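# The following comprises the amino acid sequence and a computationally predicted model.
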Amino acid sequence: MNLKSIICTVTLGGLFFFSVESFGQSSDARAGDGLTTNRRIDSETQQENDANRMANARQARRETKAKAKEARRVEREADDAERQSKNALKTEERAQKSRKRADAQSQKASDARVKSNEN
């Protein structure tokens, strides 16, 4: 009976250690799966963030291009307005010069008539 109780105790103890070890391994495998799942989720989140950043950068680039195009258009219009203003100023200066010449010519003609009438 003494031998029987020792064998029974050793056997039950061994079974306990083997069952604990097998449960420990399976829980490690589950924990590893959890880590893999977390890594996969983190990777997916990172990819989504990268995609969002790229989309934002593309949108910002489009907006910048549109603003630059608008700025070029406004600049061209300003240049055209400046050119028209300059041409109008030159035309007005020529007109004033022509009026002064006409007035001077008219004055000369008037002076010539007065002299002619005096003779």
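Cool, the structure landed.
# C-alpha only now, for contacts and for neighbours.
Will do.
# what's the offset of the helix or strand Thr37 falls within from the middle of its chain?
Using DSSP states H and E, Thr37 maps to helix 2-118. In terms of CA atoms, centre = their mean, to the nearest Å, the centre of helix 2-118 is set 0 Å apart from its chain centre.
# Now do the same contact list for Glu63.
Glu63 is in contact with no residue at all, counting by CA atoms under 8 Å, 6 or more residues apart in numbering.
# Let's see the pLDDT reported for it.
Glu63 carries a pLDDT score of 97 in this model.
# For it, give its distance to Ala57.
Glu63 is 10 Å from Ala57, where distance means CA to CA, to the nearest Å.
# now swap in Ile41 and tell me
Distance from Ile41 to Ala57, by CA to CA: 24 Å.
# Is there a neighbour count for Ala51? I'd like the number.
By other CA atoms under 10 Å, the residues close to Ala51 number 12.
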